[in-house]
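Peer 1: Quick one: sequence plus predicted model below, questions after.
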Amino acid sequence: MKRWLSKISGPASTERLGRVPFAENVPGDFYVEDGCCTSCGMPSTVAPELFSYAVDGHCYVSKQPSNVVEVRKMIDAFEVQDIGCIRYKGTNRVIQIKLIASGEGDQIDGLDHDLQALNDEVNADRWGQKK
Ligand code: SF4
């Protein structure tokens, strides 16, 4: 079970994509993008142990998920967040597929071509664009 969690840390294309993580995020693959906040407060409703808030209300990842339950809670936070500030820059394909299946694949930095194609198909299904 821990084999896939061991691959959580991986090369990030986040900087190459021009995305800047909020400075207070703890190191790791999940992050909140800097300056992207309406202070919705939603992450703490589903994953209070994984998020904290700066004095201006901007949330940040204060604990990276370290087990399957916490990964599920993090994905729940993706689903309830206001404007797509929470992102994943890791290369763990299990987590990437879970995010894609949850309709959150656009929140992943640097998807490989095969998973980008899967994400495109999921999005097309969601928006009724499938042929
Ligand atoms: S999820 Fe986004 S909008 Fe909501 S508090 Fe966090 S950074 Fe702000």
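Peer 2: Cool, got the structure. Numbers count the residues shown, from 1 in each chain.

Peer 1: Helices along the protein, start to end?
Peer 2: Along the chain, counting by DSSP state H, helices occupy 2-5, 43-46, 68-80, 93-101, 113-126.

Peer 1: buried sites along the second one?
Peer 2: By neighbour count, and taking 16 or more other Cβ atoms under 10 Å as the criterion, the buried residues in helix 43-46 are 43-44, 46. Using the backbone N, CA and C atoms, a C-beta is placed for each residue, glycine as well.

Peer 1: Dump those residues into JSON lines; add pLDDT as well.
Peer 2: Formatted as JSON lines, the buried residues of helix 43-46 follow (pLDDT from 0 to 100):
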{"residue": "Pro43", "pLDDT": "93"}
{"residue": "Ser44", "pLDDT": "91"}
{"residue": "Val46", "pLDDT": "97"}
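
Peer 1: Going by distance to Gly110, which of those residues wins?
Peer 2: Pro43 (22.7 Å; Cβ to Cβ).

Peer 1: Surely that closest one and Gly57 touch.
Peer 2: No. With contact defined as Cβ atoms under 8 Å, Pro43 does not count as touching Gly57 (11.7 Å).

Peer 1: ok, now which ones touch Met74?
Peer 2: Listed by Cβ atoms under 8 Å, 6 or more residues apart in numbering, the contact set of Met74 reads 30, 47, 50, 65, 86.
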